[in-house]
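Visitor: sequence plus the predicted model coming up.
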Amino acid sequence: MDICLLQLLGNWLSVLFVTLTSFFGLNVYKEDKTDLENLNYTKTATVLNEVVNYKTEYVYNDSKPMDSAPKVIREGQSGVVYKYDDGDTSVLRNKVDRVVEIGTARASKYQGRLTTYTPYCAGCSKAGNVACKANGKKHSLIKDGQYYVDNEFGKVRIVAAALTVFPCGTIVNIDTGKMAPFDAVVLDTGGSMRQAITQGIVWMDLAYSKPNKAEASKANTKTAKFTVKRWGW
């Protein structure tokens with residue numbers, strides 16, 4: 001409050017007090033004097049808040065499909081800085097830049113044809129050996145079975161595909177709409193699949209160690225959904 005205003009108010013109260021005491025016949029009163037001193041008159045400061053907007057940084061992941069949604073690694077937060085008339089600044093809160101991960105790998109979702117085969121099919125190796133080597137070894141559908149134990153995804157089915165697009169070791173989730181979705185690993189290939197991919201058609205072949213007509217009827221479809229979960233080894 002302004003010192004002059006305080007003095008004026010004090011004087012007005014003194015007059016009011018004297019008037020009231022005189023009106024009520026009270027002639028005895030004590031007058032006290034109070035001195036007010038503004039110790040900060042020598043310096044004034046105007047404080048301004050300045051918001052420092054955060055920036056968005058992008059990191060690119062070549063193992064994440066480009067059709068996947070961007071992932072926020074860290075949320076951003078604007079900073080606040082105090083600025084004084086004399087040029088001094090004081091940081092109240094540091095800004096934190098936002099970090100977003102963007103996938104740059106090829107698309108991960110496809111729709112195409114799924115069929116089945118066994119080691120005894122026409123043109124197949126009667127030994128049941130698949131085309132890809134895993135850990136330096138070839139897997140045999142006859143000796144080792146129709147499942148493969150992957151270090152990352154565990155026990156998965158085996159499929160043949162066009163290796164030019166789906167390299168050995170690719171993990172794909174398959175949904176036929178007629179059976180529960182399952183994960184499979186690309187360990188084999190075939191001429192039909194290689195020819196189909198040149199025409200833009202995705203065709204995969206689900207391996208069985210021996211014929212199984214009941215299961216094969218559920219697997220065979222022209223509208224299977226393929227979702228790649230890992231590209232090769």
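Guide: Looks like it came in fine. Numbers count the residues shown, from 1 in each chain.
Visitor: nearest the geometric middle of the protein, what residue?
Guide: Nearest to the geometric centre of the chain sits residue 71, at 2.3 Å (Cα atoms, centre = their mean).
Visitor: pull up the distance across stretch 179-194, start to finish.
Guide: Stretch 179-194 has an end-to-end distance of 26 Å (Cα to Cα, to the nearest Å).
Visitor: which strand residues bridge the closest residue to the residue nearest to the centre of the chain other than its chain neighbours?
Guide: With sequence-adjacent residues excluded and distances taken as Cβ to Cβ, 6 or more residues apart in numbering, residue 71 is closest to residue 101, at 4.4 Å. For the C-beta atoms, the positions are set from N, CA and C on the backbone; glycine is no exception. With DSSP bridges as the criterion, residue 101 is bridged to residue 59, residue 71.
Visitor: what's near enough to touch residue 101?
Guide: The neighbourhood of residue 101, defined by Cβ atoms under 8 Å, 6 or more residues apart in numbering, consists of 58-61, 64, 70-73.
Visitor: wait, residue 58 touches residue 104, no?
Guide: No - taking contacts as Cβ atoms under 8 Å, residue 58 lies outside contact range of residue 104: 10.5 Å.
Visitor: okay, now residue 121: neighbour count?
Guide: Using other Cβ atoms under 10 Å, residue 121 has 15 neighbouring residues.
Visitor: what about it, distance to residue 156?
Guide: Distance, residue 121 to residue 156, by Cβ to Cβ, to the nearest Å: 21 Å.
Visitor: and if you look at residue 175?
Guide: The value you get for residue 175 to residue 156, if Cβ to Cβ is used, is 14 Å.
Visitor: neighbour count winner among those two?
Guide: residue 156 (20 against 17).
Visitor: doesn't residue 126 make contact with residue 118?
Guide: No - Residue 118 sits out of contact with residue 126 when judged by Cβ under 8 Å, with a separation of 10.3 Å.
Visitor: between these two, which one's more packed in?
Guide: residue 118 (17 against 9).
Visitor: for that one, what are its contacts?
Guide: Taking Cβ under 8 Å, 6+ apart, one finds 124, 141, 207-211 in contact with residue 118.
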